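Colleague: heads up, no residue letters with this:
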Ligand SMILES: [Zn+2]
Ligand SMILES: [Zn+2]
């Protein structure tokens, strides 16, 4: 089956749910500045941003780029206070790397730092996306097939990029076909 030749263009971004409105980039910067100053006495020089589809962990820090990512699904499930706690966990990673201390998640030094700052050692569990039957969609223009577990209002990414400057275009809205395997 020829599936997923291109990412589809969502009709609209996924709505924020339980966590309230998603704090914007300026709010994230303010969180990081506040936590870094209070806990480490220095501003955080990197970037904090949301990761819209990060589910297998609540956040991460990449030393080479200085970027902290926070999971949107985690925020939606647990709210702002938990997201800030994860940010503090990632700042603990930053602090060790900043001092030249390479480490991994289970390193005793890192665990001790987390404990000293009251940061969580582990994220709370994030339920997997609910399993439903797979729904099959096809692009009315190029015939590309897409599969989703939920009902979606997407347009074909390939055709939107080719014919609509990458914007959502009603002409390429995916049409539901039959349901497939459970
Ligand atoms: Zn970690
Ligand atoms: Zn198409």
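Modeller: Perfect, I can see it now. Fair warning: this is a prediction, and the values are worked out from it, not measured in the lab. Ligands and ions are numbered 1, 2, ... in the order given.
Colleague: and residue 143, how many neighbours?
Modeller: 10 (other C-beta atoms under 10 Å). (Each C-beta comes from the backbone N, C-alpha and C, glycine too.)
Colleague: got it, and residue 68?
Modeller: With neighbours defined by other C-beta under 10 Å, the count for residue 68 comes to 24.
Colleague: beta partners of it?
Modeller: Taking DSSP bridges as the rule, residue 68 bridges to residue 48, residue 61.
Colleague: quick one: the most centrally placed residue in the chain and ligand 2, what's the gap?
Modeller: Among the residues of the chain, the one closest to the centroid is residue 51, at 2.5 Å (C-alpha atoms, centre = their mean). Look at residue 51 and ligand 2: by C-beta to the ion, to the nearest Å, they are 27 Å apart.
Colleague: wait, that residue touches residue 68, no?
Modeller: No - assessed by C-beta atoms under 8 Å, residue 51 is found out of contact with residue 68, at 9.7 Å.
Colleague: which ones are touching the residue nearest to the centre of the chain?
Modeller: 59, 69, 70, 71, 72 (C-beta atoms under 8 Å, 6 or more residues apart in numbering).
Colleague: okay if I get these as TSV plus distance to ligand 2, secondary structure and neighbour count?
Modeller: Output for the contacts of residue 51, formatted as TSV (distance: C-beta to the ion, whole Å; DSSP: H, G, I helix; E, B strand; the rest coil; neighbours: other C-beta atoms under 10 Å):
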residue	distance to ligand 2	secondary structure	neighbour count
59	35	strand	23
69	31	strand	20
70	33	strand	24
71	30	strand	24
72	27	helix	20
